[in-house]
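Engineer: Have a look; sequence and predicted model below, questions after that.
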Amino acid sequence: MTVGNMNSSYLFVYGTLKSDAINASAHYFHRHADLIGNARWQGHLYLVSNYPGAVRAEAKDGFVLGELWLLKNPEYVLTFLDEYEECAPTSPLPHEYRRSVELVERNGEMIPAWLYIYALDTSTLQRIQTGNFMNDNQEIMRRALANANILLAS
């Protein structure tokens, strides 16, 4: 659900910026925001390339799973992320994403948060039915963390 022209200090991420993402932009983002925890947004998730795109779902037939972050300096971080998501005013058209404040659910509470919504046609894209994106780097990181937890528990 769109919240209109509202501002927010929160950002909902669902792909290459999640806490287990391994890339320079995610690392930079993580230094400028605090992870609040898991959250979800009413929508559908598609595999665009080696990254996902989320679109709004009008019916409650799907959710995008991701993380809610609190931005330390929202204007600064969002300017950086607009460049990363190629939807800044200087980015070439058509923009693949657009940034919008949406209601995100965390532990039953609805929180207004910025979200990058996929803006192009999804008719030829594969839908990620689970609503949870994980690329190869994130898969490796999750396995390594699981193995480390097993070793620590021993």
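Structural biologist: Received it, and whenever you're ready, just let me know what you need.
Engineer: tell me what the longest strand along the chain is packed against?
Structural biologist: Assignment by DSSP state E gives strand 33-47 as the longest strand of the chain. Packed against strand 33-47 by the contact rule (3 or more CB pairs under 8 Å, 6 or more residues apart in numbering; DSSP states H and E) you find strand 10-13, strand 52-56, strand 63-71, strand 97-106, strand 109-118, strand 126-127. (C-beta placed from N, C-alpha, C; glycine too.)
Engineer: same thing but at 6 Å, please
Structural biologist: strand 52-56, strand 63-71, strand 97-106, strand 126-127 (3 or more CB pairs under 6 Å, 6 or more residues apart in numbering; DSSP states H and E).
Engineer: can you pull the buried residues of it?
Structural biologist: 33, 36, 39-47 (16 or more other CB atoms under 10 Å).
Engineer: Kindly present those residues as a markdown table, with separate columns for pLDDT and distance to residue 60.
Structural biologist: As requested, these are exported to a markdown table (pLDDT from 0 to 100; distance: CB to CB, whole Å):
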| residue | pLDDT | distance to residue 60 |
| --- | --- | --- |
| 33 | 98 | 28 |
| 36 | 98 | 23 |
| 39 | 98 | 16 |
| 40 | 97 | 11 |
| 41 | 97 | 12 |
| 42 | 96 | 6 |
| 43 | 97 | 10 |
| 44 | 96 | 12 |
| 45 | 96 | 15 |
| 46 | 96 | 18 |
| 47 | 94 | 22 |
